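# coords below, sequence missing:
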């Protein structure tokens, strides 16, 4: 019944249909992935056509199309070779040799030599896209978001999150990981690897997990970043900011393999001697990356009018995330007892980075562990689908450009822009009548809304791939190395100390998704999501049963209203969701220019926090029971984290509330005064909301999502409409009903 479980009631026929199964090549199935699958088939057709034209007459293709065709052909050749029994470990062995020549026992015969050479190898990993415990990146200055600067942050875990290494609920997954490492060792050959390879990898990664923030803690980035300079960083290590709540984590840690001080003490500091060693380590890494010259040259090029004093202060600027992590990780790196473990750990990272270019056996093993076991995906995707994914990971905007030409309508873009305008209007009205923000804060909220931007369908300026040179003679692995080098130059070196490109998209038009960027105050909707069930153009696109009043023969005018209702509960609510992120528990900490600047008063924050306690209560009621696969063990309870999901849950509520307000305003503008018709149309709105989240998922995927995903489970999201008064008016809920919430327990922020 609608009053018991609205999500299940709306989607019941689909959820209970035995013919609707999760495809073997997906760990879940639902609205998003149906669109992904549809878009994938379209992209396969495009790439196959380009490949055929390349074979027939290369002159028929432009340079961008040739790149797409070359990647397609090389990737598909890989699968043909594997099918024929071909394949080798040359790519893996080459990287292991480079590693051994840098941090192997002969090359690093003393602890001091190991540390220095490890800094060099960290630089190499940065260039080649190999993971490690320290990550150099670039990003917008948190306090001056128009400027991109160097970042330094934690990295390096192979499992989905810290919890997988430490929580009792994931003991089985840890056993799977050990078995996986044993198989990898046997394939590559133990002689190529550190002795006790498996134990060493697990031991060092567990230590990294122990000094890493929990997933929900990492959302509070305003509390653990420090802006400093390359020269000042070492001397400031003991004062680099960290999340104070993280200190409680260390009491939970066990130090069975040494490093008890690093892993269990709530606070650690580095000594003067360690500071000197850290300075040397960073200077070696920075030198091998060539960062100082890049930062100097870029700053002078991009800020030609800066005076000498400004240049001296700003050209080496960087942001460090989680000072506590770096105080601890350098201690781990410096201790000789960890050096063989670090070697084994980096060997695994090198193997994994090249694993898709070796043998079918290695490729299958990586899939078996990371996708089949951890996510519940039964089978690998077909070669064509895997190649589409590869193309999008390497040259996403080249694929996106052609995708838009084939599958996107400018009329849809205009319609969406109108819908965004409607949501912004109701958001403005909501801010003005808000009863829990101070007047001064309301003014700043309205200023932020006034500066808000939207980008729909595709970027105004396409990424330039002309510097990426691929040839028909290149193997797929050689192409990969070229792509990594291109990305390292174009997206890292060229961007440091530059002005932020506000036209840049963080995802391609072919991706079924959308996002709000707090540092740009912009929402982005790629072309691929502007499709049913999120956006319906005709009545036949609507994927759920309509209320009885709206079944049968309808006038064209009513059909238009039904479509508007369906789209309001779909794409408009998603638009409102993204806009709401600018005012959620984290987005509110960025001002109208996208700078980290908490513009709320303490009283505003107190009222906001009090309201969010209502959401916490709703989240804490959600429990997923994981039954033992063999039926012999005890079921495991997996709970949703209120802190991890708070931002997305608040945005969902904003999407529902603002989307419904925008729809009712549309009905007013259209002069719809038939109360029965309005109720039926709002019924469509709620059904559409529940429908877009319909999903089936494997147990493993559900477990991983609860541990790592800031979004709530689909069932929870679909039923958030119980916070909206009109929902209860339409369906007549009463105390005792599953969907009933007392008015004081309903959370509406906007």
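That came through, no problem. The structure presented is a predicted model; accordingly, all values stated were derived computationally and were not measured.
# quick one: secondary structure of residue 146?
With DSSP: H, G, I helix; E, B strand; the rest coil as the basis, residue 146 sits in strand.
# Surely it touches residue 519?
No: Residue 146 is beyond contact range of residue 519, at 9.3 Å (criterion: CB atoms under 8 Å). Quick note: C-beta positions are derived from backbone N, CA and C, even for glycine.
# Contacts only, for the residue lying closest to residue 288 once chain neighbours are set aside.
Distances taken as CB to CB, 6 or more residues apart in numbering put residue 123 closest to residue 288, at 3.7 Å, once the chain neighbours are dropped. By CB atoms under 8 Å, 6 or more residues apart in numbering, the contact set of residue 123 is 284, 285, 288, 289.
# now residue 318
By CB under 8 Å, 6+ apart, the contact list for residue 318 reads 149, 150, 151, 152, 227, 228, 229, 230, 233.
# I'd like these as CSV, with neighbour count appended.
Shown next, in CSV, are the contacts of residue 318 (neighbours: other CB atoms under 10 Å):
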residue, neighbour count
149, 24
150, 24
151, 19
152, 22
227, 15
228, 20
229, 17
230, 19
233, 21
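# Filter these down to the ones in strands?
Of those, the ones assigned to strands by DSSP state E are 149, 150, 151, 152, 227, 228, 229.
# Among the residues you listed, which pair sits farthest apart?
151 and 229 (13.2 Å; CB to CB).
# Could you list the low-pLDDT ranges of the stretch 651-750 of the chain?
Scanning the stretch 651-750 of the chain for pLDDT under 70 picks out nothing.
# Now do the buried residues in stretch 547-560.
547, 549, 550, 558 (16 or more other CB atoms under 10 Å).
# How is this protein partitioned into domains?
Using the TED database, the domain parsing of the chain gives 6-40+408-461+503-745, 90-358.
# count of residues packed around the closest residue to residue 659 other than its chain neighbours?
Nearest non-adjacent residue to residue 659, counting by CB to CB, 6+ apart: residue 573, 3.5 Å away. Residue 573 has 27 neighbours, counted by other CB atoms under 10 Å.
# heads up, I number from 16, so please use that
OK, 16 is where the count begins now, so the last one is residue 588.
# Tell me which helix or strand residue 333 sits in.
Assigned by DSSP states H and E, residue 333 belongs to strand 332-336.
# now that strand, how far from the chain's geometric center?
21 Å (CA atoms, centre = their mean, to the nearest Å).
# pLDDT below threshold where in the protein?
If you take pLDDT under 70 as the line, the chain has these spans: 644-647.
# longest helix of it?
helix 657-684 (DSSP state H).
# what about the closest residue to residue 18 other than its chain neighbours, which SS state?
Of all residues beyond its chain neighbours, the one nearest residue 18 is residue 752 (4.3 Å), with distances taken as CB to CB, 6+ apart. With three-state DSSP as the basis, residue 752 sits in coil.
# Tell me where the stretch 66-215 of the chain has helices.
Secondary structure of the stretch 66-215 of the chain (DSSP state H, counting those that start in this stretch): helices at 78-98, 105-118, 126-143, 178-181, 186-203, 212-225.
# Now tabulate those in TSV and tack on distance to residue 569.
Below are the helices of the stretch 66-215 of the chain laid out as TSV (distance: least, CB to CB, whole Å):
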stretch	distance to residue 569
helix 78-98	44
helix 105-118	61
helix 126-143	60
helix 178-181	51
helix 186-203	52
helix 212-225	57
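# Out of the ones you listed, flag the one nearest residue 21.
helix 178-181 (30.8 Å).
# Which other helices and strands does that closest one contact?
helix 186-203, helix 212-225 (3 or more CB pairs under 8 Å, 6 or more residues apart in numbering; DSSP states H and E).
# Any chance of the ones you listed in TSV with distance to residue 509 and mean neighbour count as columns?
Output for the helices and strands packed on helix 178-181, formatted as TSV (distance: least, CB to CB, whole Å; neighbours: other CB atoms under 10 Å):
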stretch	distance to residue 509	mean neighbour count
helix 186-203	35	17
helix 212-225	30	22
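# would you turn the ones you listed into TSV with distance to residue 691?
Compiled in TSV, the helices and strands packed on helix 178-181 are given as follows (distance: least, CB to CB, whole Å):
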stretch	distance to residue 691
helix 186-203	53
helix 212-225	58
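# so which of those helices comes closest to residue 713?
Here helix 186-203 is closest among the helices and strands packed on helix 178-181 (CB to CB), at 13.9 Å.
# Give me the packing partners of the closest one, helices and strands only.
Looks like helix 186-203 contacts helix 105-118, helix 178-181, helix 212-225, helix 354-369, helix 375-382 (3+ CB pairs under 8 Å, 6+ apart).
# So for residue 714, which of those helices sits nearest?
Here helix 178-181 is closest among the helices and strands packed on helix 186-203 (CB to CB), at 15.3 Å.
# what comes up buried for that closest one?
Result for helix 178-181 [16+ other CB under 10 Å]: buried residues 178, 179, 180, 181.
# Same question for stretch 262-273.
264, 265, 268, 272.
# Of these, which is the nearest to residue 145?
Distances from residue 145 to the buried residues of stretch 262-273, taken by CB to CB, are shortest for residue 272, at 24.4 Å.
# Next up, phi/psi of that closest one, please.
phi -120, psi 40 (degrees, to the nearest 10).
# My guess is it contacts residue 218. True?
Yes: Residue 272 sits in contact with residue 218 when judged by CB under 8 Å, with a separation of 5.1 Å.
# all strands for the chain, in order.
Under DSSP E, the chain gives strands at 43-45, 149-156, 159-169, 240-244, 332-336, 468-472, 513-514, 530-532, 537-541, 638-641, 651-654, 710-712.
# what's the most buried one of these?
Highest mean neighbour count among the strands of the chain (mean count of other CB atoms under 10 Å): strand 537-541, with a mean of 24.
# Contacts made by that strand with the rest, please.
415, 431, 435, 467-473, 517, 520-532, 586, 589-590, 593-594.
# Isn't residue 226 up against residue 344?
Yes: the pair residue 226 / residue 344 is scored as a contact, 6.3 Å apart, by CB under 8 Å.
# between the two, who's got more neighbours?
residue 226 (26 against 21).
# distance of that one from residue 345?
11 Å (CB to CB, to the nearest Å).
# cool, and residue 65?
49 Å.
# do the same with residue 604
29 Å.
# Look at the two and report which has more neighbours.
When neighbours are counted by other CB under 10 Å, residue 604 and residue 345 differ, and residue 345 comes out ahead with 23 against 20.
# got a list of what that one touches?
252, 285, 289, 292, 293, 296.
# So which of those is the closest to residue 419?
Nearest member of these to residue 419, counting by CB to CB, is residue 296, at 45.6 Å.
# Which residues are in contact with that closest one?
Counting by CB under 8 Å, 6+ apart, residue 296 has contacts 130, 131, 133, 134, 345, 348.
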